[in-house]
Each structure stands twice: as C-alpha cells, then as structure tokens.
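>>> I need the structure of the sequence given here:
(one chain, ligands or ions: 1)
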Amino acid sequence: MPIDKNKIDLHNEALLKAHSSRLAHCSAAIASAEKIIEKLIAFQIAIPSWALGTGGTRFGRFPGGGEPRNLEEKIEDIGLLHALNQSSGAISLHIPWDIPENPAHIKALAAQHGLRFDAMNSNTFQDQPGQQLSYKFGSLQNVNKAIRQQAIDHNIEVIRHGVELGSTSLTVWLSDGSCFPGQLNFREAFQNTLNGLAEIYKALPDNWKIFVEYKAFEPNFYSMTVGDWGQSYLYAGKLGDKAYSLVDLGHHLANANIEQIVSLLLMEGKLGGFHFNDSKYGDDDLTAGSVKPYQLFLIFNELVEGMDAKGMDHATGLAWMIDASHNVKDPLEDLMQSVEAILIAYAQALLTDKKALQDARQNNDVVKAQEILQDAFRTDVRPLVAEARLRAGGALDPIALFRNENIRRQLVKHRGAQAVATGL
Ligand SMILES: [Mn+2]
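This is a model prediction of the structure:
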C-alpha cells in the first residue's frame, strides 16, 4: 500500500508553519542543531519481518486485520513506514518464516522501496513442519550430534539466503538452556554450542559478521547457554574477528545496567548489533521508550560516546534493529512510535555536553554530572527529529498521516480482516 508523495507534501504544507516556529525556538537554544539534524537523517533502523503483525502472548493472539500475508507484503509495509519516516530503510529477515522463493525479485522489490537487507535471523528455537529432528532439548548445545548438525546446516542455509539478498550479517539467538538443575552439564553445553558456532563462522563470507545474541531467561528458566553479555562475549572472542555480541534491551535481568554493558562491549570492539524494545518486567517487547525513556537515553549516551571514542560511524557502525511485537496496537503505528523514541534518545545523546561532563567527572562534581545528563534528556528535540524527516522527504507527523489516510482500513480491504502474518 504505497503512499503518494503528493499526499505527504500536502500533509507537510498544512503543518509547516507550526513546525517552523517550533524548530526556530529549538534551534536557537541548541548550537549543534544543524549537525544533529544531519546525523538524524543518516540514522536508519532496521525493521524485522516479524514485527508487522500483531504479536501474541502465550494466552492468545488477536490479529488486527490487514496483516501482510507474504514477504512481498511485508516489504510493502516497511516501504510504507520508510516513506512516512525516512528512517526505516532496512529489513531484517527471519528464516524460515520468510524464505525468499525468488531472491532476485525480492531484492528488486526492496530496492524499489529504498530498503536494504539488514542481518539475517536463524531459528532453531522451534520445530518446523517436516523437520527430521526436534529442538526440544536444545539445538547447538544438544547432546545428540545429529541435532547439532541439523542446527548448523540451518544456519548455513540462512547465510546462503542472505548472500542472495545482499545481507552481510547473521544474528544467532539460541533458546538453548535448561529448565531444571541437573538437566545439563554447563561446560559441555557451552563447548557444543561453541563448536557449532565455529562451524557456522567458517561458512561466513569474508565481508560478513555473526552476532551472538544473549538472553537471561525464557524459554528456559534455570540456565541459558548464551545467557548474558559475559557468555556472549566469550563466544564472540573465541570465534574470531567477525563475531560480535548483540544487545537486546529486553534480554536482561531486571534492573541490569545496560548502559554499562554497552560501554564495555564497545570498548572491547565486540558490540555488533542492537535490538530496541522496552519492558517493565521481563522480555516484554513493548514500544521503545514507552516505559523507560531515561534508560534509553543513558544507553544512547554510552553508544555515542563509545562509538566516537572508536571513530565509528553512528549510522553504519552497528546493526540497529527494532525487536518488539505485542498484542494491542496497530503494528505499523507502534513501529512509528518506536522509531521516533529511538531518534529522540539519539538526538538527546548527541546534544549532551561531553566536555562539561568530562570536567565534572574530573572534579568529582557528581551533582554537575547529573545536571548535564538531565539537561540533555529534558530538552525537547522533537522539532529536530521532525525537521530531519521533512528534509529526507518524510512526513512531519507520520502517525497522523497514516490515520488521516485510513491506511489500515485500506490494508484490511485489500488483504482481508483475517490476514495473519507469520511470526510468533
Ligand atoms: Mn532480539
């Protein structure tokens, strides 16, 4: 359901006067406003192919209608998002939920929408129809060599699909672990997993990276074989230069200091990818910035500081992706909210006075250090984010335009009220 550029222009014209006045006010107070706008325009956040349908809980799923029925329609949805916000210019595919039957066609379709293929995601946390051996007791960690080999072969197949689409990275998230004490020998599980990852690593093309994503608990509740950043870092270090840790905000124990984790992984050159979402209790997969916006800002502050220290390009240095999906909002509106929250946190991190913060730390002026961070966090940077969208060709208020144009209603009409996207 592409949106006519003309409609975006008309929408912007109507809002331009109010926007310009807000922008002038904001820019007058921020010396680096122009630089921030340029960085915001460059920053793209990948959308995963499984976030376009209404997510379920373990108790039920309530589809909202008009969900994409196939990979082509998922690309169309992300193309629409990108047309509206100009910040969602990449798609992250999940195999086998979204196997590209005709890769050349899929690649061309994505290019038409201005999208590139971000990290590929494998799946050994479910059994697929017709699959020979079960992952019930784990995949790469499994005590059965044939099951481990099946998981290795699957990941290599995912790399092959990715090569055809022009992707250059593989994200491996394993649900492997144990639910009860005594179920696993931790060292054996680690070694089996490491050996499997090493086989997958060998299959990576030269320009590819592998991201080892960790998660503290769920679906296993006693131990996870890649359970925290320490374990992920161990695997990545043992695998080699093409292996990195991936931080998913929802994959930590409650109250973990994620900003410190990010800082240290960046320091070691081992942070490769980042998954945005928010949570109150566990891996809640809520909209980024909806519950803990200050935490999101603090994380971005470390990301910007750590990337600058390494001379990394903010837009391309890490693989940025939203990994969230829940059951009460329109998925497209939800993604627009997440992208907006991420860009706000990024802009606020960019305007943090790094020199003053350094001086305050040097003087052990704890009060001043807090003031500097909170001053940045409490600055309303929304006019800068809107200006970046406007200059890139997007809409000043993407959600308002989406609603005014009745896009969901058109999608339901076109795809049907019962259309359910593949995913969890
Ligand atoms: Mn994730």
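>>> how about low-confidence regions in this protein?
Across the chain, the ranges flagged by pLDDT under 70 are 1, 423-424.
>>> Alongside the ion, which residues does it contribute?
Selection of the chain residues close to the ion by C-beta under 5 Å from the ion yields 248, 275, 323. Where you see a C-beta, it was placed from the backbone N, CA and C, and this is true even at glycine.
>>> By proximity to the ion, which residue of the stretch 301-424 of the chain wins?
residue 323 (3.7 Å; C-beta to the ion).
>>> List the contacts of that residue.
Residues in contact with residue 323, defined by C-beta atoms under 8 Å, 6 or more residues apart in numbering, are 48, 51, 248, 250, 275-277, 285.
>>> Turn those into a markdown table, including secondary structure.
Shown next, in a markdown table, are those (DSSP: H, G, I helix; E, B strand; the rest coil):
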| residue | secondary structure |
| --- | --- |
| 48 | strand |
| 51 | coil |
| 248 | strand |
| 250 | coil |
| 275 | strand |
| 276 | strand |
| 277 | coil |
| 285 | coil |
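>>> Point me to the residue of the stretch 51-200 of the chain nearest the ion.
residue 173 (6.0 Å).
>>> ok, now the stretch 101-250 of the chain?
residue 248 (3.6 Å).
>>> what is that residue paired to in the beta sheet?
Under DSSP bridges, the beta-bridge partners of residue 248 are residue 275.
>>> So it sits against residue 212, correct?
No. Using C-beta atoms under 8 Å as the test, residue 248 is too far from residue 212 to be in contact (11.3 Å).
>>> With neighbour numbers in mind, choose between these two.
Neighbour count, other C-beta atoms under 10 Å: between residue 248 and residue 212, residue 212 has more, with 27 against 22.
>>> can you give me phi and psi for the more buried one?
Backbone torsions of residue 212, given as degrees, to the nearest 10, read phi -100, psi 110.
>>> Please, which helix or strand holds the closest residue in space to residue 99 that isn't next to it in sequence?
In space, and not counting its chain neighbours, residue 99 is closest to residue 161: 6.7 Å by C-beta to C-beta, 6 or more residues apart in numbering. Taking DSSP states H and E as the definition, one finds residue 161 inside helix 145-165.
>>> re earlier: report the beta-bridge partners for the residue of the stretch 51-200 of the chain closest to the ion.
residue 213.
>>> cool, and the one 5 residues further on?
When bridges are assigned using DSSP bridges, the partners listed for residue 178 are residue 223.
>>> show me what contacts it?
184, 189, 220, 222-223.
>>> Mind doing that once more with 6 Å?
184, 220, 222-223 (C-beta atoms under 6 Å, 6 or more residues apart in numbering).
>>> Now do the strands in the chain.
47-48, 90-92, 116-117, 120-121, 169-173, 177-178, 209-213, 223-224, 243-248, 271-276, 319-322 (DSSP state E).
>>> what sits up against the third one?
With contacts defined as C-beta under 6 Å, 6+ apart, strand 116-117 is touched by 90, 165-167.
>>> how does it look with 8 Å?
By C-beta under 8 Å, 6+ apart, strand 116-117 touches 89-93, 107, 110, 162, 165-167.
>>> Ok, the last one next?
With C-beta under 8 Å, 6+ apart as the test, strand 319-322 has contacts from 43-48, 51, 90, 92, 118-119, 169, 171, 209, 211, 246, 272-277, 288, 335, 338-339, 342.
>>> Give the residue farthest from the middle of the chain.
Residue farthest from the centre of the chain, counting by C-alpha atoms, centre = their mean, is residue 363 at 37.2 Å.
>>> So which bits of stretch 326-342 are buried?
Neighbour counts over stretch 326-342 (16 or more other C-beta atoms under 10 Å) mark 326-327, 329-342 as buried.
>>> List the contacts of the nearest residue to residue 394 once chain neighbours are set aside.
Of all residues not flanking residue 394 in the chain, residue 86 sits nearest, at 3.7 Å (C-beta to C-beta, 6+ apart). Listed by C-beta under 8 Å, 6+ apart, the contact set of residue 86 reads 41, 388-389, 392-394.
>>> Quickly check those for the two that are furthest apart.
Among the contacts of residue 86, the pair separated by the greatest distance (C-beta to C-beta) is 388 and 393, at 10.7 Å.
>>> who has more neighbours, these two?
Remark: of residue 388 and residue 393, residue 388 carries more neighbours, 23 against 15, as counted by other C-beta under 10 Å.
>>> Thought residue 37 was touching the more buried one, still the case?
Yes. The criterion here is C-beta under 8 Å, and residue 388 meets it with residue 37 at 5.0 Å.
>>> and the helix holding residue 161, what does it pack onto?
On a contact count with 3 or more C-beta pairs under 8 Å, 6 or more residues apart in numbering; DSSP states H and E, helix 145-165 meets helix 103-112, strand 120-121, strand 169-173, helix 186-202.
>>> Only the buried residues of that helix, if you could.
By neighbour count with 16+ other C-beta under 10 Å, helix 145-165 contains the buried residues 147-148, 150-152, 154-156, 158-159, 161-163, 165.
>>> quick one: it to helix 103-112, angle?
Per axes from the mean of the first three to the mean of the last three C-alpha atoms, to 10 degrees, the angle that helix 145-165 makes with helix 103-112 is 50 degrees.
>>> that older thread, just put the helices and strands packed on helix 145-165 in TSV and tack on mean neighbour count.
Formatted as TSV, those follow (neighbours: other C-beta atoms under 10 Å):
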stretch	mean neighbour count
helix 103-112	16
strand 120-121	25
strand 169-173	25
helix 186-202	17
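>>> Nearest to the middle of this protein, which residue? Look it up for me.
Note: the chain centre (C-alpha atoms, centre = their mean) maps to residue 321, 1.9 Å.
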